[in-house]
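Chemist: Below is the structure, and that's it, no one-letter string:
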Ligand SMILES: [Zn+2]
């Protein structure tokens, strides 16, 4: 899952309005942000699948128990939540960022082939929605539209940056997703996969930048 994780990062603004979508997005993609580091350190492994049935299946996630086992996902979500609570004293935000870290595993469980270990060395699970690329694209696109709509409607731009930076963020993510889902070619090497995953970190400061230039609308009293 790709833009689906960014979608929940945006939508979570409704649940934790005082938390920046920078933090919410970092939480939602946290396991994927750790992954390239563990690949670089040689602690996790992935392989390129030659001639995959579709672009979603171009990688074989051979071994990634530290970033992507269920038990470690729970550990990371607790760490993220507690660090956030210690830094901000915003309990509601801490609860939600913790849940967002865990949401990553749940969404990955939906789409991945059975390659997600329940615990390091444990049985591997995954419902394999990636075998049905059209359904995957439909679900993920609907999530993205909903996430953008929730965030855009509950906040308003303080200035032109608040409007333009959000618009560009949505367009770039959508364009990358379309390019990725539609591509017939496999990544040239794992190094390129690692570098791409590291470049994707840029969306986090970008999300902070959007959020500081927008403000939460005062919710109308019912
Ligand atoms: Zn992942």
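Modeler: Everything's here; your move. The shown structure was predicted, so the numbers you read here are calculated from the model rather than taken from an experiment.

Chemist: From here on, just use CA atoms for contacts and neighbour counts.
Modeler: Fine.

Chemist: Please spell out the segments of the protein that come in under the pLDDT threshold.
Modeler: For the chain, applying pLDDT under 70 flags the ranges 219-222.

Chemist: ranges for the strands of it?
Modeler: Applying DSSP state E to the chain gives strands spanning 45-48, 59-63, 116-117, 124-125, 155-157, 214-216.

Chemist: quick one: the last one to chain centroid distance?
Modeler: For strand 214-216, the distance from its own C-alpha centre to the chain's C-alpha centre is 22 Å (C-alpha atoms, centre = their mean, to the nearest Å).

Chemist: again, but for the second one
Modeler: Remark: strand 59-63 is offset 18 Å from the chain centroid, using C-alpha atoms, centre = their mean.

Chemist: Name the strands paired with it and say parallel or antiparallel.
Modeler: strand 45-48 (antiparallel) (DSSP bridges).

Chemist: how distant is the partner strand from the center of its chain?
Modeler: In terms of C-alpha atoms, centre = their mean, the centre of strand 45-48 is found 20 Å from the chain centre.

Chemist: cool, stretch 11-27 as well?
Modeler: Distance of stretch 11-27 from the chain centroid (C-alpha atoms, centre = their mean) equals 12 Å.

Chemist: Give me the buried positions along it.
Modeler: Using 16 or more other C-alpha atoms under 10 Å as the test for burial, stretch 11-27 gives 11-14, 16-17, 19-27.

Chemist: The strands of the chain: which one's closest to residue 92?
Modeler: The closest of these to residue 92 is strand 214-216. By C-alpha to C-alpha, the value is 16.1 Å.

Chemist: Packing partners of the closest one?
Modeler: strand 155-157 (3 or more C-alpha pairs under 8 Å, 6 or more residues apart in numbering; DSSP states H and E).

Chemist: Paired strands for the strand it packs on, with orientation please.
Modeler: The strands that strand 155-157 pairs with in its sheet are strand 214-216 (antiparallel) (by DSSP bridges).
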